[in-house]
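>>> I'll drop the sequence and a predicted model, then ask my questions.
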Amino acid sequence: MVKKYTAVLGTARGWIEKNRTETAGLLMLALLVLQRTIFGFKYFPAIDDWFLYYGRSAEGNISQTLELMLRPLAGLTDAFIITPLARWGCMIAAELLLLVMLAASVYLLCKAFSMSRISSGAVMMAVAALSPIGFEGLYWIAAAARIISSLFFVSLSIYSEARYITDRKKRYIAVFVISGLFSVGFYEMMIPIYFALTVIVMLKHRKSLWIMVFPVVFTAAAIIYYKLNMGDPSLAERGETIGKDLFSYHIWDMYDWYKRVFGSIQLRLLKESFIDGIKALAGHPVRAVLITAVSAGFAAVMRGSRNDGRLWYDLLMGVGLIAAAISVMVILSYVRVPFRVAYPICIGTALIAEALLCRLLPGFVYKAAVFVLVMVFSVCNIGELNLYRWNNERDEEYCAEVMEKASVLDPDILVYIFNERDYWYNDRVRHYEYVKAVSENYACITGMIKYKTGRPDILNVMTVNNGDVIKLYDLTGDDVETFYIDKTGVMQPCSAVRIGDNYELMSDRDGFIGSLTKDGDTMLYEEYAG
């Protein structure tokens, strides 16, 4: 019996030794699943999820998706895969599928880099898959369905390129072409990453220059597509480039945003999420032990390797990937750097960190550093997940309150809710769509109400924040109900008093609430600051 056990153990060790990257990929997947399911096999939707998936029938999603075609393959995925799962109450299945694709992505990147004699290893996998600043883009399905899918096809394309150049088998060039085309159709911010990675692998092998025809054609096609469709409001900002007269200001503004996102904002995010993660793990000791064990296994199995590459080349390629990640923001006229847009920088950062640490740290110290890194990132990600969970619970309470107090089921009654909250919390990072309240716009709360009631015809709830412009409408009619959110976050009734062409909102409880000023066929809402 002992001999048999020893033989099995020896076989397992031999397999792991021979397939270190494959084992590390499986351990990464296990770690991601352990993190995401610490509060049960449940996904916690937020803002865009409600109107993209939960609030639409499959037919409605298909018709709207195919009409806009903002991101063609992402739209088809929304319509035929994610929306049905949402309607069936199985969004966790979509989340788990995306985790498989994420783990496969970092595995394929490591294999492609290894075959191309570029630094690869545990640090690269950990930074690319677990970096807390990427949690928004890698968890929130409205973003992750685009980012992870694109990253997966980019990684598969680059892996296939390296295999073709190495093995000269035609099937790999076919996979390279198809995967590259798919990556372009999911998320435009990943197109420069796809282009840059193709160049890096090709230059490292110094052969098959003709292979660059495909990323050049795909990238050019995407640029032309966005430029030709600038008349479509959903595509306008993606095709409008910055003018020469504003370029210097634009660069400075972009630099300032990235500096804050990767500086003060990220430091605060890490601090807050780490504290929340420690508290969450303290309440789940078994899960904490499992995460620790898998993290230790990952650190022990996956090595860091310079792959006979030169440090200066790896660092230069890492900088090139970072430049590719921000290149879209340099060209476009708007500056908007939410966490999901900042995430692609993590790929170049991962290569730089790997290139340095695998050379500077001895084997044991490298493994210890990987273990600490993975554990810290895991704790932070659990803290982030805990915030999404808490936010979802507050969204559920608010939706129930709206459905109880307002006539949302009567399509002939228009419901206005003033002084809406963009965030339920006051003590955490606030950055663009980062864990916002469902009340932040009418589409989100309407989608949630549609899902809760099973009524796809509900379109009568209008949320209004300070500074919002709404269509001119008679707020004193019998077909209108007006409410506001008080200082404690509770929904209260109010009434509109017409003064000439304008309105004042009054409440028996709090008095003057705010005013609506007519401007043509619209009205500007201003909340009373007293």
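All right, it came through fine. Numbers count the residues shown, from 1 in each chain.

>>> C-alpha from now on. contacts and neighbour counts both.
Will do.

>>> Where does pLDDT dip in the stretch 251-400 of the chain?
Where the stretch 251-400 of the chain drops to pLDDT under 70, the residues are 309, 333-334.

>>> one more time with 50, if that's ok
Within the stretch 251-400 of the chain, no range satisfies pLDDT under 50.

>>> Please enumerate the helices of it.
Counting by DSSP state H, counting those that start in this stretch, one finds helices in the stretch 251-400 of the chain at the ranges 264-282, 285-301, 311-331, 339-342, 345-360, 363-405.

>>> so the closest residue to Ala143 other than its chain neighbours, which of the three states?
Distance criterion C-alpha to C-alpha, 6 or more residues apart in numbering; nearest residue to Ala143, sequence neighbours excluded, is Gly137 at 5.2 Å. Look at Gly137: counting by DSSP: H, G, I helix; E, B strand; the rest coil, its state is helix.

>>> Tyr43 too?
Tyr43 ends up coil, using three-state DSSP.

>>> quick one, domains of the chain?
Following automatic domain parsing, one finds the domains of the chain at 19-388, 406-527.

>>> Would you point to the one among those that's packed deepest?
Most buried of the domains of the chain by mean neighbour count (mean count of other C-alpha atoms under 10 Å) is domain 19-388; its value is a mean of 20.

>>> chain center to it: distance?
Relative to the centre of its chain, domain 19-388 is centred 9 Å away, using C-alpha atoms, centre = their mean, to the nearest Å.

>>> And the pLDDT for Lys452?
In the predicted model, Lys452 carries a pLDDT score of 90.

>>> hang on, I meant Ile92
At Ile92, pLDDT is 96.

>>> so who does the one residue sitting closest to the centre of the chain touch?
Among the residues of the chain, the one closest to the centroid is Gly137, at 1.5 Å (C-alpha atoms, centre = their mean). Applying C-alpha atoms under 8 Å, 6 or more residues apart in numbering, one finds that Gly137 lies in contact with 143-144, 147-148, 339-341, 343.

>>> Could you rerun that using 6 Å?
Taking C-alpha atoms under 6 Å, 6 or more residues apart in numbering as the criterion, Gly137 is in contact with 143-144, 340.

>>> just to revisit the earlier point, please render the helices of the stretch 251-400 of the chain as a markdown table that adds distance to Thr517 to the earlier fields.
Listed next are the helices of the stretch 251-400 of the chain as a markdown table, based on distance: least, C-alpha to C-alpha, whole Å:
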| stretch | distance to Thr517 |
| --- | --- |
| helix 264-282 | 36 |
| helix 285-301 | 55 |
| helix 311-331 | 36 |
| helix 339-342 | 35 |
| helix 345-360 | 44 |
| helix 363-405 | 26 |
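
>>> Ok, which of these comes nearest Tyr187?
Tyr187 sits nearest to helix 339-342 of all the helices of the stretch 251-400 of the chain, at 10.3 Å, using C-alpha to C-alpha.

>>> which secondary structure elements does the longest strand anywhere in the chain contact?
Using DSSP state E to define each element, the chain has its longest strand at strand 511-519. If you count contacts as 3 or more C-alpha pairs under 6 Å, 6 or more residues apart in numbering; DSSP states H and E, strand 511-519 packs onto strand 502-507, strand 522-527.

>>> Which among those is found nearest to Tyr255?
Taking the helices and strands packed on strand 511-519 one by one with C-alpha to C-alpha, strand 522-527 is closest: 32.5 Å.

>>> Nothing else from me, thank you.
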